[in-house]
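S.K.: Predicted coordinates and the sequence they were generated for:
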Amino acid sequence: MKKDVHPDYRRVVFRDKSGNFSFLTGSTRESNETIEWHDGNTYPVVDVEISSASHPFYTGQQRVMDTQGRVEKFNKRYGKAS
């Protein structure tokens, strides 16, 4: 690999404040803030707006659309006459 081309890969904490959830993973994201993790080490922290702890799909709060009614309405309006 060429020197000084690739970003620095290190351990970073991603924190979702709305879901009160954080996880430690490897990343190249830059951050000026740090946090002390459960293992006692200090890592850079990146705040995210949404994660699996707050996303409606993963929390089971996703709305289900009424597609059956829409299909019937379309067929009634534009379908072939019986």
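M.R.: It's in. Residues are numbered from 1 along each chain as shown.
S.K.: ok, and the closest non-adjacent residue to the spatially most central residue of the chain?
M.R.: Note on the chain: the residue nearest the mean C-alpha position is residue 51, at 3.7 Å, using CA atoms, centre = their mean. Closest residue to residue 51 apart from its sequence neighbours, by CB to CB, 6 or more residues apart in numbering: residue 16 at 3.8 Å. For glycine as for every other residue, the C-beta is placed from the backbone atoms N, C-alpha and C.
S.K.: So, low pLDDT: which residues of the chain?
M.R.: 1, 52-68, 80-82 (pLDDT under 70).
S.K.: which stretches of it form helices?
M.R.: 56-59, 67-78 (DSSP state H).
S.K.: how about stretch 44-51: buried residues?
M.R.: For stretch 44-51, burial by neighbour count (16 or more other CB atoms under 10 Å) applies to 44-46, 51.
S.K.: from the residues you listed, which is closest to residue 25?
M.R.: residue 46 (10.1 Å; CB to CB).
S.K.: Help me confirm that the closest one comes into contact with residue 32.
M.R.: No: applying CB atoms under 8 Å, one finds residue 46 not in contact with residue 32, separated by 10.3 Å.
S.K.: so how far is residue 46 from the residue nearest to residue 51?
M.R.: Distance of residue 16 to residue 46, computed by CB to CB, to the nearest Å: 10 Å.
S.K.: Could you do residue 31 as well?
M.R.: 5 Å.
S.K.: Next: residue 11.
M.R.: 12 Å.
S.K.: between these two, what contacts are shared?
M.R.: Shared contacts of residue 11 and residue 46 (CB atoms under 8 Å, 6 or more residues apart in numbering): residue 27.
S.K.: Quote the end-to-end distance of stretch 11-22.
M.R.: 13 Å (CA to CA, to the nearest Å).
S.K.: what sits up against it?
M.R.: Contacts for stretch 11-22 (CB under 8 Å, 6+ apart): 23-27, 29, 31, 35, 37, 43-54.
S.K.: try 6 Å this time
M.R.: Contacts of stretch 11-22 with the rest of the structure, by CB atoms under 6 Å, 6 or more residues apart in numbering, involve 23-24, 26-27, 29, 35, 43-48, 51, 53-54.
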